[in-house]
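Student: Need coordinates for the following:
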Amino acid sequence: MRDEGDENAALRRQSLLIAIGCVICDGAPFLLKLSQSPPHPASWIAGLAILLADLALALPARTAGPVAVVHAVVRVGVAALLFDATGDRDGIGNATGLAVAGYRAGAWVQGRRSWATLAALIAGMTVTQAIQGFDATAENLLLTLSNTVLPWLLGRHTTGRSGYIAEVRRRAEHIQREAEEQRRDADLALTRAVETERATIARDLHDTISHHVSAVGVHAAAARLGMTSGLPAVKDRTVTSLEQVETSSRAALGDLRRMLDLLHGNDSDGVLQPGLDGLDDLIDGSRRAGLIVNLAMDDVTPRALPKSLDLAAYRIVQEILTNALRHGDGTLDLALTQTGGEFRITGSNTTNPRSGTDSGTGRGLDGVRHRVGIFGGAVTIGPLPDAPGTWRTGIAIPLQESR
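Tutor: Next comes the predicted model:
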């Protein structure tokens, strides 16, 4: 696409070519007339005036009005000068330049100035005809119309049509830009939605699989230790641990299958997300893994909670149980409290120095903070200041905002 500078240069070249063409068309009859008889000095003055008026057509479009008036004056002046000096009434002058000047005035001059310019052109033609002594009124009127009004109307029509086409192009470009912006916004929104969905899936996978895998690890370690002993009682506990490994593995696969079904758009009753109604089963699984859970529930009504908060609370409890299994000394105090305006979950356990140096990836705790942040709640996670060996996780969510 050409820029504005290129377009202006092209217009200047075109104006210059048109001006030269007018010089040729007006100059040829004038020179032919001079060649037929000895030239009078006034003829050279008239020729110079015609030449300068035609060359003025190469000036910028903003001068179209004054240039048209100049052509009208030159038209009258040349006729008067030649008639006075030679008595010639044959009408030689700037006819071509006058018509082009009328076209440019109609195309580039706006408002009252345009009408005033047209009046000047008509007046110039009328006075010229009076000087040249044309008596045929119909022919004179037709000549005036063809040399002034018609070029002026063509200029106005061309400009109006060009303006309409330019406006249509501007509208089309505006619509195209809006469509491109909407497409970019849609792509950005889709990208953000995909990223959010990925983060949600990652958190759910971590909360679900990590819990079951931690239980599997605890039972597998117990089974390994039991297999080295020949005592019948220990052997029975080993069998129980292996059964729990099987149960936890099956539960992990079930939860994974449920999440994949949700990912594929299957929201039937068989794949509904868990909630606090399933809290007993969740805690029983941790207890079978050897974790002693002291549960306290105060006025908690899962069905009265929004479904999104119910699921978030389940996942938060799941993360607390997982961390207690992996890093605790085997005991967890867990409390869920629901009041008229707030829902709280508190979990505390003594950390086990023998659990190793692995502190985890931090994704689980980040997931807890994210889930609570969605509902405008507050989170406190970390060791208690007055009891460095005790790890506490506490969340508080305002129920009004979560609804």
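Student: Give me the three-state assignment for Trp334.
Tutor: Slight slip there: residue 334 is Leu, not Trp. Following DSSP: H, G, I helix; E, B strand; the rest coil, Leu334 is assigned to strand.
Student: shift numbering so it begins at 30
Tutor: That works, and once the first residue is 30, the last one we named lands at Leu363.
Student: residues contacting it?
Tutor: Neighbouring residues of Leu363 by C-beta atoms under 8 Å, 6 or more residues apart in numbering: 312, 322-325, 346, 349-350, 374-376. In short, each C-beta sits where N, CA and C put it, glycine included.
Student: Narrow these to those that are buried.
Tutor: Buried members of the contacts of Leu363, scored by 16 or more other C-beta atoms under 10 Å, are 312, 322, 346, 349-350, 374-376.
Student: count of residues packed around Glu202?
Tutor: Taking other C-beta atoms under 10 Å as the criterion, the count of residues near Glu202 is 10.
Student: Just the pLDDT at it, thanks.
Tutor: On pLDDT, Glu202 comes in at 83.
Student: any idea how far Arg212 is from it?
Tutor: Distance, Glu202 to Arg212, using C-beta to C-beta, to the nearest Å: 15 Å.
Student: picking up where we left off before, tell me which entries of the buried ones among the contacts of Leu363 lie within helices.
Tutor: 312, 346, 349-350 (DSSP state H).
Student: Of all pairs in those, which one is the farthest apart?
Tutor: Ile312 and Ile349 (10.4 Å; C-beta to C-beta).
Student: Now do the longest strand belonging to the chain: everything it contacts.
Tutor: For the chain, the longest strand by residue count, based on DSSP state E, is strand 416-427. Strand 416-427 has contacts (C-beta under 8 Å, 6+ apart) with 338, 345, 348-349, 352, 356-357, 370-380, 397, 401, 404-413.
Student: Now the buried members of the residues you listed.
Tutor: 338, 345, 348-349, 352, 356-357, 372-380, 397, 401, 404, 406, 408.
Student: Pop the domain breakdown of this structure in here.
Tutor: 33-164, 304-432 (automatic domain parsing).
Student: Just the mean pLDDT for the longest one, thanks.
Tutor: Okay, so that is domain 33-164. 84.
Student: ok now that domain, how far from the chain's centre?
Tutor: On the basis of C-alpha atoms, centre = their mean, to the nearest Å, domain 33-164 sits 54 Å off its chain's mean C-alpha point.
Student: Show me the strands in the stretch 330-432 of the chain, by range?
Tutor: 360-367, 371-379, 407-413, 416-427 (DSSP state E, counting those that start in this stretch).
Student: Ok, which of those comes nearest Ala108?
Tutor: Ranking those by proximity to Ala108 (C-beta to C-beta) places strand 416-427 first, at 95.0 Å.
Student: ok now the closest one, how far from the chain's centre?
Tutor: Distance of strand 416-427 from the chain centroid (C-alpha atoms, centre = their mean) equals 43 Å.
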